[in-house]
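Novice: Make a model of this:
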Amino acid sequence: MVKLVKKVFFFYYDGFRSMTIGRKLWIIILIKLFIIFAILKLFFFPDFLKTHFKTDQQRSNYVIEQLTK
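Specialist: Alright, predicted model coming up:
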């Protein structure tokens, strides 16, 4: 099992190390993921439960109510 894991690891390690265009594509992918999860979340997805309810009990009641309707 350990031998198989090593073979798989070195397969990917050698593949990523020898990439030229792929590195640029991975950088673009990582930048896009950062934009999606970090920046867009801050501006477009506010924390609804924290802004509308003061306690954890109120938040949990609201969630249960919404799920059971």
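Novice: Quick check: Arg23 vs Ile64, distance?
Specialist: Counting by C-beta to C-beta, to the nearest Å, the gap from Arg23 to Ile64 is 47 Å. To be clear about C-beta, it is placed using only N, CA and C from the backbone, and glycine gets the same treatment.
Novice: and what of Thr55?
Specialist: Counting by C-beta to C-beta - Thr55 and Ile64 are separated by 14 Å.
Novice: and after the helix-or-strand element of the chain with minimal mean pLDDT, which helix or strand comes next?
Specialist: Taking mean pLDDT, DSSP states H and E as the measure, helix 40-44 is the helix or strand of the chain with the lowest mean score, a mean of 82. Sequence order places helix 48-52 as the next helix or strand after helix 40-44, per DSSP states H and E.
Novice: which other helices and strands contact that next one?
Specialist: For helix 48-52, the helices and strands in contact under the criterion 3 or more C-beta pairs under 8 Å, 6 or more residues apart in numbering; DSSP states H and E are helix 56-68.
Novice: Need the contact partners of the helix it packs on.
Specialist: Contacts of helix 56-68 from elsewhere in the structure, counted by C-beta atoms under 8 Å, 6 or more residues apart in numbering, are 49-50, 52-53.
Novice: Could you list the residues in contact with the longest helix that the chain contains?
Specialist: Across the chain, the longest stretch assigned as helix under DSSP state H is helix 2-17. If you take C-beta under 8 Å, 6+ apart as the criterion, helix 2-17 is touched by 22-23.
Novice: thinking again about what came up before, quick one: which of the contacts of helix 56-68 is nearest Ile27?
Specialist: Checking the contacts of helix 56-68 against Ile27 by C-beta to C-beta gives Lys50 as the nearest, at 34.1 Å.
Novice: Contact partners for that closest one?
Specialist: Under the criterion of C-beta under 8 Å, 6+ apart, the neighbours of Lys50 are Arg59.
Novice: State the mean pLDDT of stretch 20-27.
Specialist: In this model, stretch 20-27 has an average pLDDT of 82.
Novice: State the distance from the nearest residue to Phe53 once chain neighbours are set aside to Met19.
Specialist: Here the nearest residue to Phe53 in space, its sequence neighbours aside, is Arg59; by C-beta to C-beta, 6 or more residues apart in numbering that works out to 4.7 Å. For Arg59, the distance to Met19 equals 46 Å [C-beta to C-beta].
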